[in-house]
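In: Just the structure for this:
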Amino acid sequence: MAIHEYQRLTQDELQRLDLSQALLFLPFGAPERHGPHLPLSTDALISRGLAQRSAALLAEMRPELTILLHPTLHIGAATIRGTGSLKINGRTLRRLLVQTGRRLAATGITRLVLLTGHGGLAHVIAIESAMRELRKRGLRVIAPTSRPAARSYLGQYLDRWEQIIGKPLDASLAAHLDCDLHAGLLETGLLLELAPDQVRPEYRELPPIFPRERPWLRRLIDLSLLPARLVVRDPADRERLPGAALIVYRDLCWVLDGRERGYVGDPAAADKRFGAALVQTVSEDIAEAVLDVCVQGGDPRAYSSGYEYLMPLAALLAAIPAVALLIAALVSTLVGRV
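Out: This is a model prediction of the structure:
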């Protein structure tokens, strides 16, 4: 069955579709700085491209489905600071997603895929909160990018990537995947496949940037996991906690480093073949998750990020820039008195 562009349909054409079998992809991502080599629209481009690829896979797997692709929303929370970055707060994002889902349900569309290319902590927590509210209202809804993002960072796709590419990946590349959080190898690779004309050629000359290790912060994060482990009873959720905590740790280290260049990781290591392999594995993972939750009624918790159990870290992440500015101001004042 064809994939329908939601905004191109008339009201009569929409009504004639079998909405009992409808599945709507809603891609979104806010403008955000992504280094000197990727556009501000990177997250939106990735969201749209992955929605199109995974929707095409689903259409092949289940031709009886009515698949709708909604226009991309250029919104998001918790973008990194800097020129060009825009954001709304998590509460506003949650309300927007809940209200959109309710209106779609009133139209007869009750299976919804919230597809975002952004992984900011408050952003993901807001999405997962919105999904819980929509599920209470009878919708089958999933945000399927948390699992493939974590699997990419943690190197769990390595064998599949090498199988698709046909050769082993460089060992140093694999060793730094958990540092490749923003506009590095992964996002540059995704855009080389999804929107190659948007990747500036100077990406090939950029030096790798990896966050400086901070053992004290790692110990603090490990301590913050203790209450989470007492609360979390589901074995799958427990299994996700260490990976989620590692990603948050790397992000906090990058925050403390200053995020000056707007990217972290190794964008110069990306190429078209790697990007194609990455898009294929992520699209397959998304299609599998959507089929399980939205079509077969599977448990959506299996695809959550695990971030909801790390709320103290979210507060820490929000506080660090302000604390750093306060310390800088105090030091400046003391130096001025000497």
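In: And the contacts of the helix or strand encompassing Ala130?
Out: Element membership for Ala130 (DSSP states H and E) is helix 121-136. The contact list for helix 121-136 (CB atoms under 8 Å, 6 or more residues apart in numbering) reads 76-79, 89-91, 93-94, 97-98, 101-102, 112, 114, 116, 141-143, 146, 248, 251, 300, 304-305, 307-308, 310-311, 313-314, 317-318. The way it works is simple: take the backbone N, C-alpha and C, and place the C-beta from them, glycine included.
In: May I see the buried residues of that helix?
Out: Judged by neighbour count (16 or more other CB atoms under 10 Å), helix 121-136 contains these buried residues: 121-131, 133-134.
In: Put the alpha carbons of that helix into CSV.
Out: Only the C-alpha atoms of helix 121-136 are listed here, as CSV (Å, rounded to 0.1, in the frame of the first residue of the first chain):
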residue,chain,number,x,y,z
LEU,A,121,17.4,14.2,28.3
ALA,A,122,14.5,16.6,29.0
HIS,A,123,13.3,16.1,25.4
VAL,A,124,13.1,12.4,25.7
ILE,A,125,11.5,12.5,29.2
ALA,A,126,8.8,14.8,27.9
ILE,A,127,8.1,12.5,25.0
GLU,A,128,7.8,9.5,27.2
SER,A,129,5.5,11.3,29.6
ALA,A,130,3.3,12.3,26.7
MET,A,131,3.1,8.7,25.5
ARG,A,132,2.0,7.5,28.9
GLU,A,133,-0.8,10.0,28.9
LEU,A,134,-1.9,9.1,25.3
ARG,A,135,-1.9,5.4,26.2
LYS,A,136,-4.3,6.1,29.0
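In: Report pLDDT for Val331.
Out: Per-residue pLDDT puts Val331 at 51.
In: With Leu220 instead?
Out: Reported pLDDT for Leu220: 86.
In: before we move on, back to that, out of the contacts of helix 121-136, which are buried?
Out: Buried, going by 16+ other CB under 10 Å: 76-79, 90, 93-94, 97-98, 101, 112, 114, 116, 141-143, 146, 248, 251, 300, 304-305, 307-308, 310, 313-314, 317, out of these.
In: out of those residues, which are inside strands?
Out: 112, 114, 116, 141-142 (DSSP state E).
In: All the helices of the stretch 1-150 of the chain, residue numbers only.
Out: All helices of the stretch 1-150 of the chain, identified by DSSP state H, counting those that start in this stretch, fall at 11-16, 42-61, 90-107, 121-136, 146-153.
In: that older thread, same question for the helix holding Ala130, mean pLDDT?
Out: Mean predicted confidence for helix 121-136 is 95.
In: Need the helices of the stretch 1-150 of the chain in a markdown table (columns: distance to Leu220).
Out: Output for these, formatted as a markdown table (distance: least, CB to CB, whole Å):
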| stretch | distance to Leu220 |
| --- | --- |
| helix 11-16 | 51 |
| helix 42-61 | 29 |
| helix 90-107 | 23 |
| helix 121-136 | 15 |
| helix 146-153 | 20 |
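In: okay, now Gln99: neighbour count?
Out: By other CB atoms under 10 Å, 11 other residues sit near Gln99.
In: and if you look at Arg229?
Out: 13.
In: sorry, back to before: out of the buried residues of helix 121-136, which one sits closest to Glu187?
Out: His123 (15.1 Å; CB to CB).
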